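A.B. asks: Provided below for reference: sequence and predicted model.
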Amino acid sequence: MSESGVRVGVSALVIRDGRCLLVQRGSEPNAGYWALPGGKLHWGEGLAEGALRELREETGVEAEALGVADISEIREPGHHYVLITQACRWQRGEGVAADDARALAWVSPAELEALGEAVVPGVRALVERTLSPRVE
């Protein structure tokens, strides 16, 4: 990518029954790694609208956006994105890998751990924080 500017990416953090929905990315950035469903925000699209569109395109899962869960930055050779993750409430659909997702999984904390280095680091930290039991 040339120096044409920073792009905005959106992703969906969907939790269902103590498991988080992850996809194995089929294209760069992070091809082959497990991440949250997401992609580029389209011109004129709202953040929640874009995250839900990407979720549907990549998995077929329907959800309700609850608000921003995380904002991060991806700076790698050829890629510079600000990534805005929406927390989502699952509504329907088991999911199937589609669009540019190679595979799909609903992962528990133990399964996330078993994926090891195959999970995008920022995603791992966000999912661990979200799935870990809260102590009050």
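C.D. replies: Sure, I can see it.

A.B. asks: longest helix of this structure?
C.D. replies: As assigned by DSSP state H, the longest helix anywhere in the chain is helix 47-59.

A.B. asks: In contact with the nearest residue to G122 once chain neighbours are set aside, which residues?
C.D. replies: Sequence neighbours aside, S72 is the residue nearest to G122 in space, at 5.0 Å (criterion: Cβ to Cβ, 6 or more residues apart in numbering). Placement of C-beta: from N, CA and C, glycine included. Residues near S72 by Cβ atoms under 8 Å, 6 or more residues apart in numbering: 82-83, 85, 122.

A.B. asks: before we move on, the earlier item: alpha carbons only: can I get the following helix or strand past the longest helix of the chain in PDB?
C.D. replies: Using DSSP states H and E, the next helix or strand after helix 47-59 towards the C-terminus is strand 62-76. Output in PDB follows, covering the C-alpha atoms of strand 62-76 (Å, rounded to 0.1, in the frame of the first residue of the first chain):
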ATOM      1  CA  GLU A  62     -26.300 -12.300  13.000                       C
ATOM      2  CA  ALA A  63     -25.700 -10.100  16.100                       C
ATOM      3  CA  GLU A  64     -26.600  -6.900  17.700                       C
ATOM      4  CA  ALA A  65     -23.800  -4.300  18.200                       C
ATOM      5  CA  LEU A  66     -23.500  -3.100  21.800                       C
ATOM      6  CA  GLY A  67     -20.700  -0.500  21.400                       C
ATOM      7  CA  VAL A  68     -17.000  -0.100  21.100                       C
ATOM      8  CA  ALA A  69     -15.000  -2.800  22.900                       C
ATOM      9  CA  ASP A  70     -11.600  -1.800  21.800                       C
ATOM     10  CA  ILE A  71      -9.600   0.500  19.500                       C
ATOM     11  CA  SER A  72      -6.200  -0.700  18.300                       C
ATOM     12  CA  GLU A  73      -3.700   0.100  15.500                       C
ATOM     13  CA  ILE A  74      -2.100  -2.300  13.000                       C
ATOM     14  CA  ARG A  75       1.100  -1.000  11.500                       C
ATOM     15  CA  GLU A  76       2.900  -3.600   9.400                       C
END
